[in-house]
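# Sequence first, then the predicted structure, then my questions.
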Amino acid sequence: MIVSKRKLLILGGGFGGVYTARHLETLLKRHHDAEVTLVSQYNYFLMTPLLFEAGSGVLEARHAVSPLRKLFSRVRFVQADVQEVDFEHRTVSAKPPGGNEVYLLDYTHLVIAVGGVTNTSIIPGADKVSTFKVLADAIFLRNHAIELFERADVENDPRTKQRLLAFVIAGGGLVGIELVGELTEFLKNLTRSYPRINDSDIHIDLIEGGPLLMKEMDRGLADYAQTILTQRGVRFHMNTRVQRIDQEHGYHIVRLPNGETLEAATVIAATGVKANPLLDKLSLEKDPKGRLLTEPTMLCKGRKDVWALGDCASIPDPQGKPYPQLAQHALREARVLADNIMASMKGRPLQPFIFETLGTMAALGHYKGIAKVKNIKIRGFVAWWIWRSYYLLQMPRWNRRIRIMADWTIALLFKNDIVELNVWDKDRATQLRPGATVERIESAIH
Ligand SMILES: Cc1cc2nc3c(=O)[nH]c(=O)nc-3n(C[C@H](O)[C@H](O)[C@H](O)COP(=O)(O)OP(=O)(O)OC[C@H]3O[C@@H](n4cnc5c(N)ncnc54)[C@H](O)[C@@H]3O)c2cc1C
């Protein structure tokens, strides 16, 4: 029996944090002597697999997210950026976006689920290019592409036109490939509204440092993806490590090891995830990648009251290998972690997290996809349809699902909307992309 008021504090409103809060809410239904608080930077939950369609405008950007306050009945939500954790006094300090006040939140149990950030540090100069991780990235990409088409349509200088319509994606993992797939469809659709731009004017280059695309995907399916994207005109540079990305007259110059350079107005780093910078400040044990080392129960090493899950945690599987950084894992970790917090409060034994990947899916644009579910491999339209249906049902609340279905239906009937929502003046840009510098936004725009 729970004997005193417990404060369960969750940091991060992504897959790990939100689903832990939701499970705790259910488990604590009859325990009014415990309260759950969730702190996150944004007041919404982002369904990351839908970010690609938000970036092309198939989905209204707001429909790829769900408001956090509507997801809970008893969980308290605090919108704030976590600054520090004082493990001795069991307090967390956090600042609201745009405000200078500091909130001090205390806890009995702390759950850290702050995810990661795009690993731009592996390519010199990549901190000046775009990323594809948060909602603002998708909003930015759509408006930026439309702005480039407007400019290219009136441009007479062939070199400038070529630079405006060149798109370089660094990284051939799931995010890079799905992004390229969606771009091939989006950019091709855009050409229909711009009489002086043809399909052949658009250049998309994908650069992958290793020999394989989408390492976690079945090889046959990955090869299929590469074949159909090549047929759509994407140039793949395999085993190619970008040496450096420079800036010249407002364009990016991507330098490859063979001396080749790619000049493009748009470069997107899809170079994987690295540890959230917040973790550097925490005096907890970490793995070589900077993620929090946990026991199989998701308790942080050497702690009895601090837990971690999702992309910011290194949780060992039964063979001692960390689980991959995927939403499908974070969702399942959340359920076990919530059970373990309850067990810990009641003095019961904790359970290890054990999960075998169900499969991997990717959408490739143009109604095509790839999926491996258990041992069944699917490709083409059926895989794309399964992908869409699965993530539609993963989105919390029917309110959002209906809006998504309406967007998809409209996208089938009408061409892409080419209205550019030009909110990228200096002040708005820095507000929309916390952590981004004005310089970085400007270089991405020009
Ligand atoms: C474009 C894209 C597509 C993807 N597609 C798939 C897919 O199809 N299938 C799949 O399994 N996985 C996919 N992933 C990976 C998946 O999104 C992650 O593994 C998952 O989001 C991890 O969940 P998380 O809760 O650990 O982190 P996140 O979902 O990243 O959530 C972290 C949360 O913490 C908040 N936060 C961070 N720092 C602070 C701070 N200092 N203060 C307050 N709040 C903070 C963030 O705002 C965010 O809300 C995709 C990822 C991307 C980027």
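The structure has been received and is ready for your questions.
# Could you use CA atoms for every contact and neighbour count after this?
Will do.
# Helices of the stretch 201-350 of the chain, start to end?
Secondary structure of the stretch 201-350 of the chain (DSSP state H, counting those that start in this stretch): helices at 219-231, 327-346.
# and these as JSON lines, adding mean neighbour count, mean pLDDT and distance to residue 113?
Listed next are the helices of the stretch 201-350 of the chain as JSON lines, based on neighbours: other Cα atoms under 10 Å; pLDDT from 0 to 100; distance: least, Cα to Cα, whole Å:
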{"stretch": "helix 219-231", "mean neighbour count": "16", "mean pLDDT": "97", "distance to residue 113": "30"}
{"stretch": "helix 327-346", "mean neighbour count": "20", "mean pLDDT": "96", "distance to residue 113": "9"}
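# between the ones you listed, which one is nearest to residue 259?
Among those, helix 219-231 comes nearest to residue 259, with 22.7 Å by Cα to Cα.
# Give me the contacts around the closest one.
Residues outside helix 219-231 that contact it (Cα atoms under 8 Å, 6 or more residues apart in numbering): 181, 213, 214, 236, 364, 369, 370, 371, 377, 379.
# cool, and stretch 389-398?
Against stretch 389-398 from outside (Cα under 8 Å, 6+ apart): 47, 49, 50, 66, 71, 401, 404.
# returning to that earlier point: which stretch among the helices of the stretch 201-350 of the chain comes nearest residue 136?
Of all the helices of the stretch 201-350 of the chain, helix 327-346 comes closest under Cα to Cα, at 19.5 Å.
# Please identify which pair of the contacts of helix 219-231 lies farthest apart.
Using Cα to Cα, the two most remote members of the contacts of helix 219-231 are 236 and 377, lying 23.7 Å apart.
# in the protein, what spans have low per-residue confidence?
1-4, 422-446 (pLDDT under 70).
# Would you mind listing what in it touches the ligand?
11-17, 39-42, 48-49, 51, 80-82, 113-116, 132-133, 175, 278, 310-312, 325-328, 330 (Cα under 6 Å from any ligand atom).
# among these, which ones are buried?
Buried residues within these, defined by neighbour count using 16 or more other Cα atoms under 10 Å: 11-17, 39-42, 48-49, 51, 80-82, 113-116, 132-133, 175, 278, 310-312, 325, 327-328, 330.
# can I get the helices of the stretch 201-350 of the chain in TSV with distance to residue 160?
Converted to TSV, the helices of the stretch 201-350 of the chain look like this (distance: least, Cα to Cα, whole Å):
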stretch	distance to residue 160
helix 219-231	24
helix 327-346	40
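# hang on, the earlier thing: just the ones of the residues of the chain next to the ligand in strands?
Members of the residues of the chain next to the ligand lying in strands (criterion: DSSP state E): 11, 39, 40, 81, 82, 116.
# hey, where'd the strands end up in the stretch 301-446 of the chain?
Applying DSSP state E, counting those that start in this stretch to the stretch 301-446 of the chain gives strands spanning 306-308, 313-314, 359-363, 369-373, 376-380.
# Could I get those strands in TSV, plus columns for distance to residue 98 and mean neighbour count?
Below are the strands of the stretch 301-446 of the chain laid out as TSV (distance: least, Cα to Cα, whole Å; neighbours: other Cα atoms under 10 Å):
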stretch	distance to residue 98	mean neighbour count
strand 306-308	27	27
strand 313-314	28	28
strand 359-363	36	24
strand 369-373	40	22
strand 376-380	45	16
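# Reformat the ones you listed as TSV; add distance to residue 240.
As requested, the strands of the stretch 301-446 of the chain are exported to TSV (distance: least, Cα to Cα, whole Å):
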stretch	distance to residue 240
strand 306-308	35
strand 313-314	28
strand 359-363	23
strand 369-373	25
strand 376-380	27
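# of all the ones you listed, which lies closest to residue 92?
strand 306-308 (12.0 Å).
# and the protein, what are its domains?
Structural domains assigned to the chain are 6-41+80-118+274-346, 120-271+359-445, following automatic domain parsing.
# and the spatially most central residue of the chain, backbone torsions?
With distances taken as Cα atoms, centre = their mean, residue 133 lies nearest the centre of the chain, 3.7 Å away. According to degrees, to the nearest 10, the main-chain angles of residue 133 amount to phi -140, psi -40.
# Can you report how many residues neighbour the closest residue to it other than its chain neighbours?
Ranked by Cα to Cα, 6 or more residues apart in numbering and with sequence neighbours excluded, the top spatial neighbour of residue 133 is residue 118, at 7.0 Å. By other Cα atoms under 10 Å, 19 other residues sit near residue 118.
# now residue 168
With other Cα under 10 Å as criterion, residue 168 counts 23.
# Same question for the one 3 residues further on.
The burial metric for residue 171, expressed as a neighbour count using other Cα under 10 Å, is 25.
# That one: what's it in contact with?
By Cα under 8 Å, 6+ apart, residue 171 lies in contact with 206, 207, 208, 209, 269, 270, 271, 272.
# one more time with 10 Å, if that's ok
Taking Cα atoms under 10 Å, 6 or more residues apart in numbering, we find residue 171 in contact with 177, 206-210, 213-214, 238, 240-242, 268-272.
# ok, now residue 385?
By Cα under 10 Å, 6+ apart, the contact set of residue 385 is 363, 367, 368, 369, 370.
# residues in contact with the closest residue to the first one other than its chain neighbours?
Right, residue 363. Excluding the flanking residues, the one nearest residue 363 by Cα to Cα, 6+ apart is residue 369, at 4.2 Å. Counting by Cα under 10 Å, 6+ apart, residue 369 makes contact with 178, 181, 221, 224-225, 361-363, 378-388.
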